[in-house]
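In: Build me a model from this:
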Amino acid sequence: MNESCRTLFPQGVAAALKRWETLQTAVHQGWGGEDSKEKAEWMVTVIVDLFHQKKPSDMVDKVELEDYIDDIMKNEFDALPDDSDLAFIATRIIRMWRDCVKEDTAGLTEFLKKSYTFVPKDVSEGEDSSSDDDGADGNDEDDSEGAMQGLQRGAAAVSLQDEPEPQPEVDPDGWETVKPKGRKGR
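Out: Reported below is the predicted structural model:
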């Protein structure tokens, strides 16, 4: 692995995690305590170390990375991310690593350029940050453009949660009708 990959891979992992709404919600709402931000930064380091500890021929597989990230989220942030969220973020990170091993940094460089212009949703006041449309399609081999579209779809779906709440319905007797607050699209 060349020197540019040794620099770009950790930046890519950091960018992918900064774009992951579940982690950002955990950080902004302090689910990991007062040092939530530091835990998120530490998470980047331990994920990068997981890849560097293995030989390129003993690649970290998707399930192993999903479990590793899931354990961190459970233990450090008391969060239970959706399996599809974990699959998507793990696929993105593994793709970056594979590109680095092949010394093909074009996709990673493009992802980083787009990440610098990415404006995350303000998750500091959100009640429920989960979304059924997170861009995960179960395809481990989709290209960088597909991953970007998945992130954009996820961001678009999340922004729908910022719509104002509907006014309560009051019947002629003065009783307010209570509607369930389930996820949209169920």
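In: What residues sit buried inside stretch 96-109?
Out: 96, 97, 99, 100, 105, 107, 108, 109 (16 or more other CB atoms under 10 Å). Any C-beta I mention is one placed from the backbone N, CA and C, and that applies to glycine too.
In: Identify the residue with the minimum pLDDT among those residues.
Out: Minimum pLDDT across these is recorded for residue 105, with 82.
In: From residue 92, how far off is that residue?
Out: 15 Å (CB to CB, to the nearest Å).
In: Same check on residue 108?
Out: For residue 108 relative to residue 92 (CB to CB), the value is 10 Å.
In: Can you work out which residues contact both of these two?
Out: Counting by CB atoms under 8 Å, 6 or more residues apart in numbering, residue 108 and residue 92 have no contacts in common.
In: Least confident secondary structure element in this protein?
Out: helix 144-159 (a mean of 41; mean pLDDT, DSSP states H and E).
In: helices and strands around whichever helix or strand comes after it, which ones?
Out: Scanning forward in sequence from helix 144-159 by DSSP states H and E, the next helix or strand is strand 169-170. When contacts are defined as 3 or more CB pairs under 8 Å, 6 or more residues apart in numbering; DSSP states H and E, strand 169-170 packs onto strand 176-177.
In: repeat that for 7 Å
Out: The helices and strands touching strand 169-170, judged by 3 or more CB pairs under 7 Å, 6 or more residues apart in numbering; DSSP states H and E, number zero.
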